[in-house]
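Student: Sequence and computational prediction follow.
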Amino acid sequence: MSNSFFLPKGTEGRKKNIMILHIQGLILIVVLIMALMSSLGILGRTILTEIVFRTGLIDTGIDLMSVMQSGNFFDAATLTPQYSPSAKLFLTGMKIWGVVGYITAFAALGAVIFLVIQMKKRIAMIVEDPYQMENPIRVKKSAFVWLGFLLGAYGGHLFALKKKKAWIYLGLGIVGMWIPVFFLYTSGISFADAFLACFIEKDANGYIEMEDYPYWL
């Protein structure tokens, strides 16, 4: 196994495309995390606002229930809350939070779609490469794909390839539970590998050939 992080300078063809695919996979994981965080932020904003209003932490200056009990439903519908300066500041902050959250969420979603399309194009270049693989490894397609998507962050797909690097990925995945950058790395690489395997034709026995890619990116 090579100890090099990048491919040797000047390398072209299949291996270079695999490196680019891995980089795209890493970026995709970052964008997915951004989308998740922005979605959770929108949910948190909604819950916080609801709690603040229901618990009476913000005083609107209106006893809405009293007005409705008096039968003046039209008045109840047209009442204008009278917020305190602190309440107005809170509501303004919630509006800004909401706008930023929605913009981030939709931007991240668009970026995810764009990255997936770019990864699919890169995979087509890898699969359609006319030259023979330098060091092909046969592996069961279904096992490799599922392990890559579900347990790739812990080296699952590399265990399927019987690679010693799998144990390093396992360690990085565990450490990544406290230091997210390691989990991000193993997740991005494994997603790219599993995504690539989805488009490689399997033989009659369900096996595919993967290029033995010994580099770290």
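Tutor: Happy to help now that I have it. Residues are numbered from 1 along each chain as shown.
Student: Okay, strands next: where are they in this protein?
Tutor: 136-140, 207-211 (DSSP state E).
Student: for this structure, where's the lowest mean pLDDT among helices and strands?
Tutor: helix 64-69 (a mean of 48; mean pLDDT, DSSP states H and E).
Student: re earlier: which one of the strands of the chain has the most crowded surroundings?
Tutor: Among the strands of the chain, ranked by average contacts under mean count of other C-beta atoms under 10 Å, first place goes to strand 207-211 (a mean of 18). C-betas here are computed from N, CA, C, even on glycine.
Student: quick check: angle from that one to strand 136-140?
Tutor: Angle of strand 207-211 versus strand 136-140, following axes from the mean of the first three to the mean of the last three C-alpha atoms, to 10 degrees, is 140 degrees.
Student: which other residues reach strand 207-211?
Tutor: 14-15, 18, 133-141, 144, 161, 193, 196-197, 200-202 (C-beta atoms under 8 Å, 6 or more residues apart in numbering).
Student: Looking at the strands of the chain, which is nearest to residue 122?
Tutor: Nearest to residue 122 among the strands of the chain is strand 207-211 (13.6 Å), distances taken as C-beta to C-beta.
Student: residue nearest the centroid of this structure?
Tutor: The centroid of the chain falls nearest to residue 32 when counting by C-alpha atoms, centre = their mean (2.3 Å).
Student: OK, contacts around the nearest residue to that residue once chain neighbours are set aside?
Tutor: What sits nearest to residue 32 in space, not counting adjacent residues and going by C-beta to C-beta, 6 or more residues apart in numbering, is residue 112, at 6.3 Å. Listed by C-beta under 8 Å, 6+ apart, the contact partners of residue 112 are 28, 31, 32, 35.
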